[in-house]
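> Need a 3D model of the following:
(chains A, B and C)
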Amino acid sequence: MKYFFLFLFLIIFSAFSFSQLEVCNTCSIKSIKQAIKIADTGATILVKKGIYIEDSIIIKKPLTLKGIGKPVIDGKKKGYVIEVNSENVTIDGFVIKNVGVSYTKDYAAVHLYKSNNFKLLNNRLETVFFGFLIEKSDGGIVKNNIVSSNAQHEYNSGNGIHLWHCDSVEINGNECFGLRDGIYFEFVTNTLIHKNTSHNNLRYGLHFMFSNNNEYHHNHFQKNGAGVAVMFSKFLKMHHNIFENNWGNAAYGLLLKEIYDAELRNNEFRNNTTAIKAEGSTRVNYSNNNFVENGWAVKITGACYENKFTLNNFVNNSFNLSYNSKINDNSFNSNYWSDYSGYDLDRNGVGDIPFRPVKLFNYVVNQTPESIVLMRSLFIDIINFSEKVSPVFTPDEVKDNTPLMKKNPFQLKLN
Amino acid sequence: MLKIFKYSFFDLIRGKWSLIYFGFFFISSMSLLYISGDVAKVIISLMNIILLLNPLIATIFGVMYFYNSREFSELLLAQPIKRRDIFLGQYLGLSVSLSISFILGLLIPFAIFGIFSTNQVTNAVTLLFVGTILTLIFSAIAFYIALRNENKIKGFGTAIFLWLFFAVIYDGIFLLLLMTFNEYPLEKFALVSMIFNPIDLSRILILLNLDISALMGYTGAVFNQFFGNMLGISISIFVLLIWIVTPIFFFLRSLKKKDF
Amino acid sequence: MDKTIKISGLHKSFKKLHVLKGIDLTIDKPGIYAVLGPNASGKTTLIKVMLGMVIPQKGNVEILGENIKNNPFYRKNISYLPQIARFPENLKVSELLEMIQDLQKRKGDTDDLIKGLKLEPYLDAKLVSLSGGTKQKVNVVLTFMYDNPIIILDEPTSGLDPISMVYLKKKIQEEKEKGKIILVTTHIMPLVEELADEIIFLLEGVISFRGSASQLKLDQGGESIEIAIANLLTKQHA
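Numbers count the residues shown, from 1 in each chain, chains lettered A, B, ... in the order given. The predicted structure is shown next:
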């Protein structure tokens, strides 16, 4: 009964005002554009189930577009599908597909420009060029969307969720695949990225630059062409993320380039060619991470200072650590290394002799990459052993003086 | 051939060496599994043992068996059966009995610790496969060496050297060449070099499972093609089979002209 | 069947060592033939050629009318007693007997031999546990269990105790009476005098004498074969 009155109220109310409009194939308003045109500021437009062939839908006033039963907006590959240039716009529950492809313009399913307090919820974006292209917009949320495309080449594909010059945005529970970069940030600050999945993208699952003070947690990145790349950013927090199955010479579970004051903890890196590659990164704390069955768990190149590795598990990686220089200003303490062969006579859970994570074979492979086919051969074991006894080629001071005898029992669960 | 195989197999499998060989694998894999809870780690340790020991044992036993059964072989040669059948039978008897000791020595602990229901099942099966193939290859090589050398000391020496060569020296020379010529594209050279050493080839077959993430880190197209799909596995297995057939072929060829 | 051994133009050398230098030998009468000669004269090689173990460079060997080249099956007509007895260690005596019969694809007459050589208690023993003499007895069983027209004995008495030796000699005589060709190599001259119908003497790769023991003594002079042979050898070297 309650609902009946509500319904009656809504009908009467809508008859007198355009603050609530309905769009459907049999309604008096048949197109979304038309509805937007006549809608009052702050109005709600309910779009019923159906296929709407429209592009360049421009929103210049605060509005709520709500799809009922997943209506489809088909842009027919002409250009932008929805363009927003107003604050307080909500787009909720649509399927938007067939965004135009251009070499000069960043066509997107939804393009926001200077549009604060946006809400992009529960949409499915298919065969997009760019998915959500959000520029100079602060204080919004992108939640529970699925963005996908069938990108073949980097030069003619776009990104899933692309933020440029934004602040205080929440990216939550989205899935991105088949794009160039799944999630892309440039000049984005104070943003929370969590519970997203980004996989099978051509280039990066997550890619950001010049984006400080952001927090990333409980995200899952896998099978991306180049993994995850983060560059030129400060004060970043990454925890409880999974990085897995990124294979290839230039693919990284996580590539850190010019990163300062970051905290990486409780992440899991599994089955990557290189789990972490750090280039010129300083004051990064790596703790409680799991590195399992990667080709290289950690590769350090260039000037990396004051990084701390503590309480991480290095389990069955082909190489634990690779250094391209003999200078070391990083510390490794109390990590678990599965190939540690020392003993613990005083039974305090800490090995009595230090562990050297850099093997001579690392050095050999750096010099002569083809020699990788000799991995785990007896000859290599012999030269590794002799290097261990008297280090010549590998940095002497890179060692864990307190290696754990047992795995740090941290288990990562997403969601 | 099958008759000779049957009797020489019965002879060998009842011998104390079969039991010792079985016991060695059984005890080492049991204790490794018991001490370390990490199956992947155990697989790596066992891989090192198998790549080293299976060729060595097959080589030594092959030479020893051939020399020890010389007089009996002469008795058999006086029987109305083909030479080929006598020695193929003996070869099979030896390699199958060694393989069975080895397989059971691993299989039973694997089964006890339920490895076949973990994600390490492929690695475990690869280990069993590779160990068996190496036994077959190196007992064939040992037979050939023993046939070609009347002098037992020389035969043993040659066989042990050949083992050492394949197990260690070969890789050393290979690495030296790689480092000397690292200005040049060496991808094909690297892969082809691995093909000429059955121990390396077996190792690569295991690496294809164990360290595929690292192998994919190399840029070259040939490597990626080789390691990136079934091609590498198929070629490796095929070449390993050739490695069994080749020494047997040379053995049989020399056998025809051999004076006992 | 053609009951003969025909060897013609047989040459064999091992690397640089020319061991057999044109052997022509026809044996067409049954009897016991002692193949004698000093060490390295080619006795063993000659026998091994007949058994197909050594492959000659030149020459023709026909046994019972069959050319032996690339043909293992003529050997079903030959019984061979090797000099040294070594068998698969972990087989039992009974299993070894079974194995040979299995390979020959025919039953042999083992019971009398086992009884005669007193081997019954050892049938279930592993061959590794047997003494050298007992093993040689097993060898004797393997040799005489088939009724083959040709018997080749390589130092048959080595390692045998006197009782078994007597038994073996009796056995050889019996077989001879059945009309067989029996080739024996030995260093024991009394045995030759006792058994041999004919002596085939090899020296430096050729047959330097063939005939009966009395003929040899007559030719070379001497009361015993040993002396006759010694005379023959000195003459050769003179």
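> Only the buried residues of the helix or strand containing residue B:136, if you could.
For residue B:136, the element it lies in under DSSP states H and E is helix B:121-148. Neighbour-count burial for helix B:121-148 flags B:123-124, B:126-147 (criterion: 16 or more other CB atoms under 10 Å in any protein chain shown). Every C-beta, even on glycine, is put in place using the N, C-alpha and C of the backbone.
> do stretch C:88-107 as well
Using 16+ other CB under 10 Å as the test for burial, stretch C:88-107 gives C:88-93, C:95-97, C:99-101, C:103-104.
> and what of stretch A:72-81?
Buried-residue list, stretch A:72-81, by 16+ other CB under 10 Å: A:72-75, A:79-81.
> farthest-separated two in those residues?
By the measure CB to CB, A:72 and A:79 form the most distant pair in the buried residues of stretch A:72-81, at 17.4 Å.
> Wondering if the helix or strand encompassing residue B:111 reaches chain C at all.
Element membership for residue B:111, per DSSP H and E: helix B:83-112. Yes: among the residues of helix B:83-112, residue B:83 lie within reach of chain C under CB under 8 Å from any CB of the partner chain.
> Okay, the spatially closest residue to residue C:45 that is not a sequence neighbour and residue C:39: tell me how far apart.
Take residue C:45 and drop its neighbours on the chain: the residue closest to it by CB to CB, 6 or more residues apart in numbering or on different chains is residue C:19, 5.0 Å away. Look at residue C:19 and residue C:39: by CB to CB, to the nearest Å, they are 12 Å apart.
> Mind checking the pLDDT average for the longest helix anywhere in chain C?
Ordering each helix of chain C by length in residues (DSSP state H) puts helix C:162-177 first. For helix C:162-177, mean pLDDT is 89.
> that older thread, give me the next element, helix or strand, following the helix holding residue B:136.
Toward the C-terminus, helix B:121-148 is succeeded by helix B:152-164 as the next helix or strand (DSSP H and E).
> close to chain A, is that following helix?
No: applying CB under 8 Å from any CB, one finds helix B:152-164 out of contact with chain A, separated by at least 10.1 Å.
> just the angle between that helix and helix B:121-148, please?
150 degrees (axes from the mean of the first three to the mean of the last three CA atoms, to 10 degrees).
> touching chain C at all, helix B:152-164?
No: Helix B:152-164 lies apart from chain C when judged by CB under 8 Å from any CB; the minimum separation is 14.3 Å.
> who's in contact with the helix or strand just after that helix?
Going down the chain from helix B:152-164, the next helix or strand is helix B:170-180, by DSSP H and E. The contact list for helix B:170-180, computed with CB atoms under 8 Å, 6 or more residues apart in numbering or on different chains, reads A:364, A:367-368, A:370-371, A:374, A:377-380, B:186, B:189-190, B:193, B:197, B:199-200.
> Quick check: which helices or strands does the following helix or strand past helix B:170-180 pack against?
Proceeding N to C from helix B:170-180, the next assigned helix or strand is helix B:187-195, under DSSP H and E. Judged by 3 or more CB pairs under 8 Å, 6 or more residues apart in numbering or on different chains; DSSP states H and E, helix B:187-195 is in contact with helix B:170-180, helix B:198-210, helix B:221-228.
> Go again with 7 Å.
Counting contacts by 3 or more CB pairs under 7 Å, 6 or more residues apart in numbering or on different chains; DSSP states H and E, helix B:187-195 packs against helix B:198-210, helix B:221-228.
> what comes into contact with the last one?
Spelled out, that is helix B:221-228. The contact list for helix B:221-228 (CB atoms under 7 Å, 6 or more residues apart in numbering or on different chains) reads B:187-188, B:191, B:208, B:212, B:215-216, B:231-232.
> count of neighbours near residue A:51?
Using other CB atoms under 10 Å in any protein chain shown, residue A:51 has 12 other residues around it.
> returning to what we had before: separate out the buried members of the contacts of helix B:221-228.
Among those, those scoring as buried are B:187, B:191, B:208, B:212, B:215-216, B:232 (criterion: 16+ other CB under 10 Å).
> quick check, nearest of those residues to chain A?
Checking the buried ones among the contacts of helix B:221-228 against chain A with CB to the nearest CB, the nearest one is residue B:216 at 4.3 Å.
> Nearest residue to the middle of chain A?
residue A:206 (3.2 Å; CA atoms, centre = their mean).
> dump the residue contacts of that one.
When contacts are counted by CB under 7 Å, 6+ apart, residue A:206 is found next to A:182-183, A:198, A:221, A:228.
> now residue B:99
Applying CB under 7 Å, 6+ apart, one finds that residue B:99 lies in contact with B:132, B:135.
> before we move on, what about residue B:38?
By CB under 7 Å, 6+ apart, residue B:38 lies in contact with residue A:338.
> Counting neighbours, which bits of stretch A:285-295 end up buried?
Buried, per 16+ other CB under 10 Å, within stretch A:285-295: A:286-295.
> of all those, which comes closest to chain B?
Closest to chain B, out of all of the buried residues of stretch A:285-295 and judged by CB to the nearest CB, is residue A:295, at 3.0 Å.
> I'd say that closest one and residue A:318 touch.
Yes: using CB atoms under 7 Å, residue A:295 is in contact with residue A:318, at 5.0 Å.
> tell me, what's touching these two both at once?
Residues within reach of residue A:295 and of residue A:318 at once, by CB under 7 Å, 6+ apart, are B:211, B:213-214.
> coming back round to it: tell me which of the helices and strands packed on helix B:187-195 sits most buried.
Mean neighbour count, computed with mean count of other CB atoms under 10 Å in any protein chain shown, is highest for helix B:198-210 among the helices and strands packed on helix B:187-195, reaching a mean of 24.
> pretty sure residue A:400 is touching residue A:336, no?
No: counting by CB under 7 Å, residue A:336 is not a contact partner of residue A:400; they are 9.4 Å apart.
> quick one: which of these two has more around it?
residue A:400 (26 against 22).
> Pairing partners for that one in the sheet, please.
On DSSP bridges, the residues paired with residue A:400 through beta bridges are residue A:332, residue A:355.
> got a list of what it touches?
Here residue A:400 is in contact with A:332-333, A:335, A:337, A:354-355, A:357 (CB under 7 Å, 6+ apart).
> Take those and write them to CSV, including pLDDT.
Putting the contacts of residue A:400 into CSV (pLDDT from 0 to 100) gives the following:
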residue, pLDDT
A:332, 93
A:333, 93
A:335, 95
A:337, 94
A:354, 92
A:355, 92
A:357, 89
